[in-house]
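Trainee: Dropping the sequence and predicted coords here.
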Amino acid sequence: MTEVERSGEQPGEAQTETETVDTAAGRGAAEAGGGSGGDGGPAPRGRRRTVELAIVAAVAYALDLVTKILVVEKLEGHDPIEVIGTWLRFQAVRNPGAAFGIGEALTIVFTVIAAAVIVVIARIARKLYSTPWAIALGLLLGGALGNLTDRVFRSPGVFQGHVVDFIAPAHFAVFNLADSAIVCGGVLIVLLSFRGLDPDGTVHKD
């Protein structure tokens, strides 16, 4: 074989090897891009916000639990306390229904719903990288745990317990701090969704 023939083969072999390396490199870059951007959007940055969620939930739950204990001990069986005249009073009420006295005949159903909400929040927490979402879900979790505790441990029985309500505005249903936490968490979730912020910290545009 002449040198001309050998020289004609060697560039082809080198070109084939170069194409193989370039293809592998391109595939690796595509795989890396799929985890950090591309059509799937940017990957979550920072650490998961499960600690923030747990703190918010614990504070909401503790406040609800303490206020209910005080209401049962100091207010139940007594006259309502006027906070702002007749516009706002503290009045002990046992509520078999949902928030604000809705659905009094569905105590067990609302117990199951509260338990399901807790499970869903626990699943979302595995992909939680957004602090605002951590606050919102923490409020929901703390409120759901607060009312679920009443339904499990208070009379008339397990999973049928009546929730302790005590905040009584004029011309409105009586509620508690757990109800307030649930409503605030829900409103915050709606606002975050309108802004396009997802629990994983990414922002989507419709």
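Mentor: It's in. Numbers count the residues shown, from 1 in each chain.
Trainee: domain assignment for this protein?
Mentor: Listed domain ranges for the chain are 3-40, 50-194 (source: automatic domain parsing).
Trainee: hey, least reliable of those domains by pLDDT?
Mentor: Lowest mean pLDDT within the domains of the chain: domain 3-40, a mean of 45.
Trainee: ok, the residue nearest to the spatial centre of the chain - contacts?
Mentor: Nearest to the mean C-alpha position of the chain, by Cα atoms, centre = their mean, lies Leu137 at 2.6 Å. Listed by Cβ atoms under 8 Å, 6 or more residues apart in numbering, the contact set of Leu137 reads Leu53, Ala57, Ile121, Ile124, Ala125, Leu128, Gly185, Ile189, Pro199. (C-beta placed from N, C-alpha, C; glycine too.)
Trainee: Please identify the deepest-packed of the domains of the chain.
Mentor: Across the domains of the chain, the average number of neighbours (mean count of other Cβ atoms under 10 Å) peaks for domain 50-194, which reaches a mean of 17.
Trainee: measure it end to end?
Mentor: By Cα to Cα, to the nearest Å, the extent of domain 50-194 from end to end equals 23 Å.
Trainee: distance between that domain and the chain's centre?
Mentor: Distance of domain 50-194 from the chain centroid (Cα atoms, centre = their mean, to the nearest Å) equals 15 Å.
Trainee: again, but for stretch 182-198
Mentor: 10 Å.
Trainee: Could you list every helix and strand that the helix or strand encompassing Ala60 packs against?
Mentor: If you go by DSSP states H and E, Ala60 is part of helix 50-70. Counting contacts by 3 or more Cβ pairs under 8 Å, 6 or more residues apart in numbering; DSSP states H and E, helix 50-70 packs against helix 131-153, strand 163-169, helix 177-194.
Trainee: ok, now how distant is the residue nearest to the centre of the chain from Arg123?
Mentor: 11 Å (Cβ to Cβ, to the nearest Å).
Trainee: do the same with Val187
Mentor: Distance from Val187 to Arg123, by Cβ to Cβ: 22 Å.
Trainee: before we move on, what about Leu177?
Mentor: 25 Å.
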